[in-house]
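Chemist: here's my sequence, what's the structure:
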Amino acid sequence: MCLAIPGQIQSITAELDETFRNGKVSFGGITREVNLSMVPEARVGDFVLVHVGAAISVVDEAEARETFRYLQQIGELDELSPNPSAT
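Modeler: Numbering: from 1, shown residues only. Next comes the predicted model:
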């Protein structure tokens, strides 16, 4: 199953123009580099849904936190871990 994971934009790390941007996004304390090209309206502090390394939409903070909590409960965030356990 493919999921979009909510995270908060911590910084914009590269900006070719207003559309082609990358940023650091925090997922419960784990930070990843994310392509922000599909959410040109997103700013530092905004919450975004990230799928396969690209932010696909801006979401409200309450929705993002609730979704993240649910994904943690069902174990769908293991791939974010810096040292995933071998299975």
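
Chemist: switch to C-alpha atoms for all contacts and neighbour counts from now on
Modeler: Noted.

Chemist: quick one: the helices in this structure?
Modeler: 61-73 (DSSP state H).

Chemist: now the strands for the protein?
Modeler: Remark: strands assigned in the chain by DSSP state E are 5-15, 21-27, 30-35, 47-51, 54-59.

Chemist: contacts only, for the residue nearest to residue 42 when sequence neighbours are not counted.
Modeler: Excluding the flanking residues, the one nearest residue 42 by CA to CA, 6 or more residues apart in numbering is residue 58, at 6.5 Å. When contacts are counted by CA atoms under 8 Å, 6 or more residues apart in numbering, residue 58 is found next to 39, 42, 46-49.

Chemist: ok, back up a step: possible to save the strands of the chain as TSV with distance to residue 71 and mean pLDDT?
Modeler: Shown next, in TSV, are these (distance: least, CA to CA, whole Å; pLDDT from 0 to 100):
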stretch	distance to residue 71	mean pLDDT
strand 5-15	8	93
strand 21-27	11	96
strand 30-35	15	95
strand 47-51	13	96
strand 54-59	16	96
